[in-house]
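Asks: here's my sequence, what's the structure:
(chains A and B)
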Amino acid sequence: AQSVTQPDIHITVSEGASLELRCNYSYGATPYLFWYVQSPGQGLQLLLKYFSGDTLVQGIKGFEAEFKRSQSSFNLRKPSVHWSDAAEYFCAVAHPAGNNRKLIWGLGTSLAVNP
Amino acid sequence: NAGVTQTPKFRVLKTGQSMTLLCAQDMNHEYMYWYRQDPGMGLRLIHYSVGEGTTAKGEVPDGYNVSRLKKQNFLLGLESAAPSQTSVYFCASKTERGYNEQFFGPGTRLTVL
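Replies: I've put the predicted structure just below:
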């Protein structure tokens, strides 16, 4: 069955430290890949997406992600975390066929940032 | 553009009461979605629509009904609310182009007593 795994339920980092959030997927083909962020009490906002081309994609707020086909992974990174990055992060995938009608979601990683 | 808006933002119901959540988008998107979000369970798709007048079930449709009479609106109804439906509900929309993302509303927090 198709699935998305975010192995880390909760991560705490210090402000200024680097960050990597993991996302692994189980899919028959290379899917479309998305990272969303949800600040407390807010809706979800797209950070970045990958559907083809360069496997290193840049997003908003200084985030980037790298698609690694051999590892079925799409990990999210940021070189220096800010206190405002404390939020819930969701990885999602969709099949390229069918116009990406439905997303398969990971359960999310909660990020806390220590001052 | 307002993007995706949801009405109401908060609601408290008693068991057995009914209500309708309204989602509106002004981006002329074909696809619209209703999700629920519960602690530790991520986002779960309730129902979705790929166009005006069409709806389809998601992974947790029981106890909910939807309607898409106008392209810009997607309504989620609870006919007889149960405590298990206490959740945060999110609406989203997207174009029909495959590589485009879903845009989310701010959410509705529903408590069923």
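Asks: can we go C-alpha only for contacts and neighbour counts from here?
Replies: OK.
Asks: burial of A:Tyr89, as a residue count?
Replies: 26 (other CA atoms under 10 Å in any protein chain shown).
Asks: hang on, it packs against A:Gly106?
Replies: No - in this structure, A:Tyr89 is not within contact of A:Gly106 by CA atoms under 8 Å, at 9.2 Å.
Asks: now do the helices in chain B.
Replies: Along chain B, no stretch is classed among the helices by DSSP state H.
Asks: beta-bridge partners for the residue most central in space within chain B, please?
Replies: Centroid-nearest residue in chain B, with CA atoms, centre = their mean: B:Trp34, separated by 2.8 Å. Assessed by DSSP bridges, B:Trp34 has beta-bridge partners B:His47, B:Cys91.
Asks: distance of it from B:Ser80?
Replies: 18 Å (CA to CA, to the nearest Å).
Asks: repeat for A:Leu19
Replies: 45 Å.
Asks: of these two, who's got more company?
Replies: Neighbours per residue, other CA under 10 Å: of A:Leu19 and B:Ser80, the larger number sits with A:Leu19, 19 against 15.
Asks: isn't that one right next to A:Val81, touching?
Replies: Yes - using CA under 8 Å, A:Leu19 is in contact with A:Val81, at 6.7 Å.
Asks: which neighbours do the two share?
Replies: A:Val13 (CA atoms under 8 Å, 6 or more residues apart in numbering or on different chains).
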